[in-house]
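Colleague: Quick one, what's the 3D model for this:
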Amino acid sequence: MKVLLSSAGAKIPLLQALKNAALKLQPDAKIIAGDSSKPVVSQYFADQFWHMPLCNKSNLDAIKVGLAEYQITHIIPSRDGELMFWSEQKKALKLLGIEVLVSAEEVIQLCLDKFSFAQIKTHPKCKVIPALLHPDESADLWVVKERYGAGSQNLGLKLTTQEALHHAKTMQCPLYQPFVQGTEISVDAWLDKNSKLKGHICRYRTKVQHGESQISQTVYLPQYDEWIKTLLEQLQLTGPVVLQAIIDKHQQLHIIECNSRFGGASTLGIKAGVDSLYWSLAESMAIDITQLPFTPAKQTITQVRYAGDLYL
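Modeller: From the prediction side, this is the model:
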């Protein structure tokens, strides 16, 4: 087993979690960090580093040569911008003996387009926050974000209509959502190849920096379990996913967006029992996933993410 983590960058916790998952299946498994930039931090933590081409169709032939050279057996994309590329190549690469662990193209496209995602129908008590291409009279305060790509990129939060319109001038494709006051949560989940939810955990995002949780804490919210299950399975997602939501003062669950990939702080999900990377690799090797237990942690777990040093 040789697993490629593409766009590895500085994602050291993800790289290490992937290594642990692979070693549980094969003691000689190798993890290859791939990135189009060099140098990157991850090259010092992987078994091998591949300074790979950008993930686009014009580089497809060069990428296939590299996959053969490094004898890649599995690919785990880690960046929104490359999910569609790998999903489009999933069937062709499978014929070459390479498993790409990513959802189907149409699901990825839906999750990447926040305007389209906001149109999906859900349970009345599990609403997706509406999204508008132009602000109207339906809200006094707005959140302004890019329609495509990372939701936190150049985010404008709790803005009046005039402030929102002004902020939108700095964006490529602005999207307006009513501001919802409440507690923000993330849901780390994993669904099998048939889009059946195996397990999920909820966590508070206590401190967020550059769109990722720096301090995160698990929380037991069983009252939302069935709604979360219904939504994720309705989307026909597979593998690791991260759902973002807000709980308002009336305990209403408002869905913000869904990322069809492993999240920046999803290693907390693994620690709390959602062994998503291991389950993904195991399923690709035809292991009966139903025989692998999901045992959520009974105690609250707090994750603190911090910078560290490595000396060579």
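Colleague: Helices along the stretch 51-200 of the chain, start to end?
Modeller: 60-69, 80-88, 90-95, 105-112, 114-117, 161-168 (DSSP state H, counting those that start in this stretch).
Colleague: how about low-confidence regions in the stretch 201-312 of the chain?
Modeller: Of all residues in the stretch 201-312 of the chain, none has pLDDT under 70.
Colleague: Please enumerate the strands of it.
Modeller: In the stretch 201-312 of the chain, the strands defined using DSSP state E, counting those that start in this stretch lie at 212-219, 239-247, 253-259, 302-304.
Colleague: Enumerate every residue touching the residue positioned nearest the centre of the chain.
Modeller: With distances taken as CA atoms, centre = their mean, the chain has Arg261 as the residue nearest its mean C-alpha position (3.1 Å). Counting by CB atoms under 8 Å, 6 or more residues apart in numbering, Arg261 touches 77-80, 83, 102, 239-242. No exception for glycine: its C-beta is placed from N, CA and C like everyone else's.
Colleague: Please repeat the previous calculation with a cut-off of 6 Å.
Modeller: Applying CB atoms under 6 Å, 6 or more residues apart in numbering to Arg261 gives no contacts.
Colleague: do Val128 as well
Modeller: Neighbours of Val128 in contact, by CB under 6 Å, 6+ apart: 118, 120, 122, 255.
Colleague: And the residues you listed, which two are furthest apart?
Modeller: Across these, the longest distance by CB to CB is 10.6 Å; it joins Ala118 and Thr122.
Colleague: if you count what's nearby, which of the two comes out ahead?
Modeller: Taking neighbours as other CB atoms under 10 Å, Ala118 and Thr122 compare with Ala118 leading, 19 against 15.
Colleague: Let me know whether that one touches Lys127 as I believe.
Modeller: No: applying CB atoms under 6 Å as the test, Ala118 and Lys127 come out as separate, 9.8 Å apart.
Colleague: Next up, the contacts around the closest residue to Ile201 other than its chain neighbours.
Modeller: In this structure, Ile201 finds its nearest non-sequential neighbour in Ala272, 4.5 Å apart by CB to CB, 6 or more residues apart in numbering. Listed by CB under 6 Å, 6+ apart, the contact set of Ala272 reads 201, 218, 297, 301.
Colleague: quick one: which of these is nearest Gln43?
Modeller: Comparing these against Gln43 with CB to CB places Ile301 closest, at 29.8 Å.
Colleague: which residues pair with His254 across the strands?
Modeller: Lys127, Ile246 (DSSP bridges).
Colleague: contacting residues around it?
Modeller: 127, 129, 180, 246 are the contacts of His254 under CB under 6 Å, 6+ apart.
Colleague: Using a markdown table, lay out the helices of the stretch 51-200 of the chain together with distance to Arg305 and mean pLDDT.
Modeller: Shown next, in a markdown table, are these (distance: least, CB to CB, whole Å; pLDDT from 0 to 100):
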| stretch | distance to Arg305 | mean pLDDT |
| --- | --- | --- |
| helix 60-69 | 31 | 98 |
| helix 80-88 | 20 | 95 |
| helix 90-95 | 31 | 97 |
| helix 105-112 | 24 | 95 |
| helix 114-117 | 25 | 95 |
| helix 161-168 | 28 | 96 |
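Colleague: Mind checking the ones you listed for the one nearest to Glu283?
Modeller: helix 90-95 (13.5 Å).
Colleague: Let me see the contact set for the closest residue to Ile301 other than its chain neighbours.
Modeller: Leaving aside its chain neighbours, Ile301 sits nearest to Thr218 (4.8 Å; criterion: CB to CB, 6+ apart). Shown in contact with Thr218 (CB under 6 Å, 6+ apart): 201, 203, 272, 300-301.
Colleague: Who does Ala33 form a beta bridge with?
Modeller: Leu5, Phe49.
Colleague: what residues are up against it?
Modeller: Neighbour list for Ala33: 5, 8, 42-43, 46, 49 [criterion: CB under 6 Å, 6+ apart].
Colleague: where does it land on pLDDT?
Modeller: Predicted confidence (pLDDT) for Ala33: 98.
Colleague: Same check on the one 10 residues further on?
Modeller: pLDDT, Gln43: 96.
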